[in-house]
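In: No sequence on hand, only this structure:
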DNA sequence: GATGAATGAGGATTCATTCAT
DNA sequence: CATGAATGAATCCTCATTCAT
């Protein structure tokens, strides 16, 4: 998973030092991501990051000039250009809007929501205010493209006569809200529902998609039949 | 002690010291709320709270034993009893489910979302994990009651034949997600959408309510006519 | 017990305020003595003194300009001119040296050691260094007269041929050490022996007196018959 | 890392950093001991300890988690294992009781009383109550073993017929009292006798030992019958 | 490069002391 | 006189950051 592994040449068993040296930055970023997500910026100690990455305190500063730089690096490193890839998929998708929306949401969950990458969103939501440049960057590279992608899915549905006319922006916000809730239920303790109120992400996604699709359904079209939400009747 | 009041020239006003004493906790809680929301728990210095409340450092500790106690007090003060009041309103509400849901969402916005109180939610989402005790408290006193209230509104709709059968938990999560999005767009920099993408809360609420109501509409009943979301129309 | 009571005129039931007013300083000194002995100078909080005396924090400063002044007052107030009284008793004592020494030690225990007054000695031993003037005063008014008194008792014994010649100073120190041990076993936690090692003061005194008397016995004179150790008898 | 050593010009001396690291805890304990003895626990500032040890404030906390831990370490460091060593000496001592008692007292003075270690006892007497945990530790590790050692010396004397039967506990207390007096005359201002009343420790010890030995001497005289002091046989 | 000992600015907290009522 | 709210200097302790080895 750490990118740096790709630079590792050791087929079998390279000397430990060398191998680790290459891997350092990646390991540090990983450790830092975990801790920042878990404890917030102020609550994370550099020494702890070092410890979790298996290096000494000083080493962290060898790779990152300061705690702030480490934070920024963590965010930057985890904001990859996923959207170019997804845009391509969007272009080539064949199928109705219902299937497409469900596919998008499920795919997002698999590729982002369910992975540590979602921790970055939680991070930015929580601490973004202290890092305006990063926030701006994140908004431009993640929020805005995500919003756009959703808009295009919806627009496509309208164009195909499968969805009714609507305020694209606001509906897209609603869908983002749905996704965000999943992120927070995964990363924020107050949103992680208690024992008896389990939240299964895929069920949740199916349920939300269902509501939105019905809610946005082309006016009085034929009734949908994909009613099952999975949990109770 | 009470005699001295007669020598006070301020007729209606209580003696300065006494008046302030009564007001202190409230002033401090207000100042603390602002700062906690603005800078987070760790980022807020006690001295700053004192300064904003117009008192000295030591005075804060006169009313709150520690920073954490102050924080807890802020949380409690901005939550307490809201749901009992709302539950009462719920009991006495007359009207159909559509009106009720819209009323609930709008009222929540006016009384919580639009106020500083919503900053508390953002805080808990961001830093809750560092305060397990408070997180538990918050979940019990806010999240859970909120979830319950929404469930009851939905259940009422089902009972009245206005909403179709559904998985109450998951639908309620969806509605909570909608509200949460508003909170974050208000308090988290990365969610505060840029210039051209304005988000008007009431419009957003109307839009979400519309989608959910359509999405949850009693099965193949007569077609709804409450179509306007207010934005595009 | 508080001196101030002597100034109290209320035969039956004077107004509470007035009565208390007179008693204040004494009550404060008493409370302060207890606390200083128990927790040391730094460990005693003025508010606690006030609380124990049943007054408000500010009141303490009405009577004593500062914590240091309070401390000094506590010491001064408890160093009474006991020695003039004792010197008189010494002059008029009739009996042999053995009886006299035992009488002195027992009397000291009853009048000083067993009372709160002994707490002052513990105080001075513990904190004297921080209050040089008081220490000097205490030494002059208590230690030195005590030492003198013991010396005179011993000298009398030598003069009467009941005790052998000795270095008066050093032997007197030894006797003081014995007394001091009792004080510390009463007031210092590390000297308060554990469960099974009880220390009964009068038994201890009897035992010490016995050893000293034997140790100082007139050379190979007639055998002593002062066999009783004092406890059971 | 080890290579750099070759460039070091200090042949026999370890590299400055490393050498200091080894020495730090010891240096700090020494500095702390001095200050605790001089000013008491509460009166000693951590920064002062640091300064006296020639390091910065933070460094102290690198080795001792808190002021209290530092204090405990000082106590432990100045006590540990003394009694095992002494018990060994006790086992192998050859000679009569008089010599043994004198040897014990003198040795104690040389190894403890005359050193800063005795300051710890004064400290514990003065502030022990604020640290129940340490007080308990001190009592268990110092007072009790000391008391035991003295008892054994006395018991040995009785067994050899050199000392008369006696109440071991109480006599041992008396000897402890003697030692304690020396400690206090060294560390407590009120007990440090004035100019003309000099107290030479060794003379004092000789004097006390003499008195006790005479006082406890196996009769050479007619057999006493006042053996029972009441506690043990 | 890596280490981890050392630093010291920063912030929470305590408590003697003041003073308006 | 008595009160107790308010003050702020003093101190403990944390932790990002530096740097000699």
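Out: Arrived safely, thanks for sending. The model shown is predicted, which means the values in this text are computed figures rather than measured ones.

In: okay, the angle between the longest helix along chain A and helix B:16-43?
Out: Longest helix in chain A, counting residues (DSSP state H): helix A:16-43. Taking axes from the mean of the first three to the mean of the last three Cα atoms, to 10 degrees, one finds that helix A:16-43 is oriented at 160 degrees with respect to helix B:16-43.

In: which parts of chain A sit against DNA strand E?
Out: Contact residues (Cβ under 7 Å from any atom of the strand) of chain A with DNA strand E: A:20-21, A:24, A:55-59, A:61-63. (C-beta placed from N, C-alpha, C; glycine too.)

In: Residue A:171: what's its closest spatial neighbour, skipping adjacent residues?
Out: Nearest non-adjacent residue to residue A:171, counting by Cβ to Cβ, 6 or more residues apart in numbering or on different chains: residue A:154, 6.0 Å away.

In: sorry, back to before: pick the one among the residues of chain A next to DNA strand E closest to DNA strand E.
Out: Proximity of these to DNA strand E (Cβ to the nearest atom of the strand) peaks at residue A:58, which lies at 2.0 Å.

In: quick one: buried residues of the host helix or strand of that closest one?
Out: Following DSSP states H and E, one finds residue A:58 within helix A:57-63. Neighbour counts over helix A:57-63 (16 or more other Cβ atoms under 10 Å in any protein chain shown) mark A:60, A:63 as buried.

In: helices or strands next to the lowest-mean-pLDDT helix or strand in chain A in the packing?
Out: Ranked by mean pLDDT, DSSP states H and E, the weakest helix or strand in chain A is helix A:16-43, scoring a mean of 83. When contacts are defined as 3 or more Cβ pairs under 8 Å, 6 or more residues apart in numbering or on different chains; DSSP states H and E, helix A:16-43 sits against helix A:46-53, helix A:57-63, helix A:67-78, helix A:117-127, helix B:16-43, helix B:117-127.

In: Now stretch A:116-136: average pLDDT?
Out: Average pLDDT, stretch A:116-136: 93.

In: Tell me if that stretch is near chain B.
Out: Yes - residues of stretch A:116-136 contacting chain B under Cβ under 8 Å from any Cβ of the partner chain: A:124-130, A:132, A:135.

In: Just the terminal-to-terminal distance for stretch A:76-86.
Out: 19 Å (Cα to Cα, to the nearest Å).

In: starting at the chain centroid, how far to that stretch?
Out: 10 Å (Cα atoms, centre = their mean, to the nearest Å).

In: mean confidence for it?
Out: Mean predicted confidence for stretch A:76-86 is 84.

In: Could you check that stretch and say which residues are buried?
Out: A:77-79, A:82-83, A:86.

In: And these, which is closest to DNA strand F?
Out: Among those, and counting by Cβ to the nearest atom of the strand, the member closest to DNA strand F is residue A:77, at 17.7 Å.

In: ok, now how distant is the residue nearest to that closest one when sequence neighbours are not counted from chain B?
Out: In space, residue A:77 comes closest to residue A:29 once its chain neighbours are excluded; the distance is 5.1 Å by Cβ to Cβ, 6+ apart. Distance from residue A:29 to chain B, counting by Cβ to the nearest Cβ, to the nearest Å: 20 Å.

In: For residue A:29, give me its contacts.
Out: A:2, A:73-74, A:77-78 (Cβ atoms under 8 Å, 6 or more residues apart in numbering or on different chains).

In: Would you reformat the residues you listed as JSON lines and include distance to DNA strand F?
Out: Shown next, in JSON lines, are the contacts of residue A:29 (distance: Cβ to the nearest atom of the strand, whole Å):
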{"residue": "A:2", "distance to DNA strand F": "22"}
{"residue": "A:73", "distance to DNA strand F": "12"}
{"residue": "A:74", "distance to DNA strand F": "14"}
{"residue": "A:77", "distance to DNA strand F": "18"}
{"residue": "A:78", "distance to DNA strand F": "20"}
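
In: which one of the residues you listed is nearest chain C?
Out: Chain C lies nearest to residue A:74 out of the contacts of residue A:29, by Cβ to the nearest Cβ, at 46.7 Å.

In: domains of chain A?
Out: Domain assignment for chain A by automatic domain parsing gives A:3-77, A:80-216.

In: Comparing the ones you listed, which comes out most buried?
Out: domain A:80-216 (a mean of 18; mean count of other Cβ atoms under 10 Å in any protein chain shown).

In: what's the distance between that one and the middle of its chain?
Out: 8 Å.

In: do the same with stretch A:25-32
Out: 18 Å.

In: Could you check it against DNA strand F for contacts?
Out: No - Stretch A:25-32 stays clear of DNA strand F (Cβ under 7 Å from any atom of the strand), getting no nearer than 11.4 Å.

In: Contacts only, for the closest residue to residue A:188 other than its chain neighbours.
Out: In this structure, residue A:188 finds its nearest non-sequential neighbour in residue B:125, 4.6 Å apart by Cβ to Cβ, 6+ apart. Taking Cβ under 8 Å, 6+ apart, we find residue B:125 in contact with A:125-126, A:184, A:188, A:190-191, B:180, B:184.

In: Dump those to JSON lines, plus secondary structure.
Out: Below are the contacts of residue B:125 laid out as JSON lines (DSSP: H, G, I helix; E, B strand; the rest coil):
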{"residue": "A:125", "secondary structure": "helix"}
{"residue": "A:126", "secondary structure": "helix"}
{"residue": "A:184", "secondary structure": "helix"}
{"residue": "A:188", "secondary structure": "coil"}
{"residue": "A:190", "secondary structure": "helix"}
{"residue": "A:191", "secondary structure": "helix"}
{"residue": "B:180", "secondary structure": "helix"}
{"residue": "B:184", "secondary structure": "helix"}
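
In: ok, the residues you listed vs chain C, which is closest?
Out: Taking the contacts of residue B:125 together and measuring to chain C by Cβ to the nearest Cβ, the closest member is residue A:190, at 38.3 Å.

In: Which residues lie in contact with the closest one in this structure?
Out: B:124-125, B:128, B:135, B:138-139, B:143.

In: And those, which two are furthest apart?
Out: Spatially, the most separated pair among those is B:125 and B:139, at 11.3 Å (Cβ to Cβ).

In: any idea how far DNA strand E is from residue A:132?
Out: Residue A:132 sits 19 Å away from DNA strand E when distances are taken as Cβ to the nearest atom of the strand, to the nearest Å.

In: what do you get for residue A:184?
Out: 26 Å.

In: likewise residue A:117?
Out: 26 Å.

In: What ranges in chain A fall below the confidence cut-off?
Out: A:1-22, A:194-197, A:218-233 (pLDDT under 70).

In: Mind doing that once more with 50?
Out: A:1-16, A:18, A:220-225, A:227-233 (pLDDT under 50).

In: what does it put close to DNA strand F?
Out: So far as Cβ under 7 Å from any atom of the strand goes, chain A lies against DNA strand F at A:44-47, A:57-58, A:61, A:65-68.

In: so can I have a markdown table of those residues showing distance to residue D:200?
Out: As requested, the residues of chain A next to DNA strand F are arranged in a markdown table below (distance: Cβ to Cβ, whole Å):
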| residue | distance to residue D:200 |
| --- | --- |
| A:44 | 62 |
| A:45 | 57 |
| A:46 | 58 |
| A:47 | 55 |
| A:57 | 55 |
| A:58 | 56 |
| A:61 | 60 |
| A:65 | 65 |
| A:66 | 63 |
| A:67 | 62 |
| A:68 | 66 |
